[in-house]
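Novice: sequence and computational prediction follow.
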Amino acid sequence: MQTSPTSFRIDPTPRRADGEYMAHARISGHAADGSPTDVFISGDLGGFDLRADAVEFATKWAQEWLATRFR
């Protein structure tokens, strides 16, 4: 069975630290029994002045992470 990157959920909600928005991504999917499960949680990916920039960066990072693993 092949898994599609579209079957995953990306949560790019940044955290606020020292006046910056720290980008990070939480990628989740579903276990064999259908229950939600974390697939990968990144560390901090970088600091940004704008929340939108942190969200955009983390989303793109997670999409690339998924694409390299599920081509």
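Specialist: Here it is on my side, so go on. Since the structure is predicted, the reported quantities are computational estimates derived from the model, not experimental observations.
Novice: which other helices and strands does the helix or strand bottoming out on mean pLDDT in the chain contact?
Specialist: For the chain, using mean pLDDT, DSSP states H and E, the weakest element among its helices and strands is strand 36-41, scoring a mean of 84. Counting contacts by 3 or more C-beta pairs under 8 Å, 6 or more residues apart in numbering; DSSP states H and E, strand 36-41 packs against strand 26-30. Any C-beta I mention is one placed from the backbone N, CA and C, and that applies to glycine too.
Novice: how about a cut-off of 10 Å?
Specialist: The contact analysis (3 or more C-beta pairs under 10 Å, 6 or more residues apart in numbering; DSSP states H and E) places strand 36-41 against strand 9-11, strand 26-30, helix 51-69.
Novice: worst mean pLDDT among the ones you listed?
Specialist: Mean pLDDT is lowest for strand 26-30 among the helices and strands packed on strand 36-41, at a mean of 90.
Novice: separation between the most centrally placed residue in the chain and Ala52?
Specialist: In the chain, the residue lying closest to the centroid (C-alpha atoms, centre = their mean) is Ala25, at 2.8 Å. Remark: distance between Ala25 and Ala52 (C-beta to C-beta, to the nearest Å) = 15 Å.
Novice: same check, this time on Arg69
Specialist: 27 Å.
Novice: ok, now Gly43?
Specialist: As defined by C-beta to C-beta, Gly43 lies at a distance of 21 Å from Ala52.
Novice: next one: Asp38
Specialist: In terms of C-beta to C-beta, Asp38 sits 24 Å off from Ala52.
Novice: before we move on, back to that, Gly43 and Ala52 - which one has more neighbours?
Specialist: The residue with more neighbours, out of Gly43 and Ala52, is Ala52; 10 against 7, by other C-beta atoms under 10 Å.
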